[in-house]
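S.K.: Got a predicted structure plus its sequence, pasted below:
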Amino acid sequence: MIINKEQVLAALSNVEDPDLKKDLVTLNMIKDVRIENHHIAFTLELTTPACPMKEMLKNACTNAIKHFVAADAVVSINITSRVTKPNDTTQLNAIKNIILISSGKGGVGKSTVASNLAVTLAASGAKVGLIDADIYGPSVPIMFGLIGAKPSAKETEDGKTLILPIEKYGIKLLSLGFFADPEQEVPWRGPMA
């Protein structure tokens with residue numbers, strides 16, 4: 001039996017990315033399909049190098065090929081990742097890496113992890129900026145001993161005002177906690193929050 005690329009792609013179109021809810025072929029995650037007799041090789045290009053589903057997707061691809069193409073197929077899968085960037089990167093051109101720490105639940109240690117990671121990266125020589133965008137309880141001012149600190153501002157030549165971050169431990173810090181009195185409640189309208 002001769003195996004062709006269309007058969008392989010048809011088989012892999014049965015494997016769905018659990019987060020994106022579409023099949024891997026439609027998502028353009030299958031690259032460089034190579035077939036030699038019963039040896040099938042291709043690249044599975046994930047959206048992040050830290051994908052927790054990488055082994056599950058690899059096994060699902062292998063099973064799909066063995067089920068829909070040939071039970072005796074020898075499958076080789078090279079796993080890579082494609083990190084997408086926003087279309088307008090004019091203000092982010094100088095930033096090499098962005099790490100986002102988030103959770104849908106409060107009180108799980110996001111700020112602690114982010115602060116420790118920032119300090120560790122800065123100590124290893126990286127240029128680090130930390131933005132605390134927690135509107136309900138910004139804790140970076142507390143973690144860095146900067147309660148009551150206020151960032152300064154400067155006007156650019158084109159009339160724009162820039163907020164200058166506060167620096168501590170070699171880290172440039174911005175937090176919503178710098179813009180509100182820690183003892184004062186801040187009312188947020190639902191859509192703004």
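M.R.: Cool, got the structure.

S.K.: Neighbours of residue 129, how many?
M.R.: Applying other CB atoms under 10 Å, we find 14 other residues in the vicinity of residue 129. To be clear about C-beta, it is placed using only N, CA and C from the backbone, and glycine gets the same treatment.

S.K.: Bridged to it, which residues?
M.R.: residue 172 (DSSP bridges).

S.K.: ok, it touching residue 165?
M.R.: Yes - under the criterion of CB atoms under 8 Å, residue 129 makes contact with residue 165 at 6.5 Å.

S.K.: Mutual contacts of those two, please.
M.R.: 172, 173, 174 (CB atoms under 8 Å, 6 or more residues apart in numbering).

S.K.: now, among those residues, which is nearest to residue 26?
M.R.: Of all the shared contacts of residue 129 and residue 165, residue 174 has the smallest distance to residue 26: 39.0 Å, by CB to CB.

S.K.: Who are the contact partners of residue 164?
M.R.: Going by CB under 8 Å, 6+ apart, residue 164 touches 151, 152, 153, 154.

S.K.: got a winner among those for most neighbours?
M.R.: Highest neighbour count within the contacts of residue 164, by other CB under 10 Å: residue 151, with 17 neighbours.

S.K.: Based on its surroundings, how many neighbours for the closest residue to residue 39 other than its chain neighbours?
M.R.: Among residues not flanking residue 39 along the chain, residue 74 sits closest, at 4.8 Å (CB to CB, 6 or more residues apart in numbering). Residue crowding around residue 74 was assessed by other CB under 10 Å; the count is 14.

S.K.: Could you pull up the contacting residues of the nearest residue in space to residue 168 that is not next to it in sequence?
M.R.: Leaving aside its sequence neighbours, residue 168 sits nearest to residue 144 (CB to CB, 6+ apart; 5.0 Å). By CB under 8 Å, 6+ apart, residue 144 lies in contact with 115, 168, 169, 171, 173.

S.K.: So for residue 144, what pLDDT did the model give?
M.R.: pLDDT, residue 144: 92.

S.K.: And it, how far from residue 93?
M.R.: 27 Å (CB to CB, to the nearest Å).
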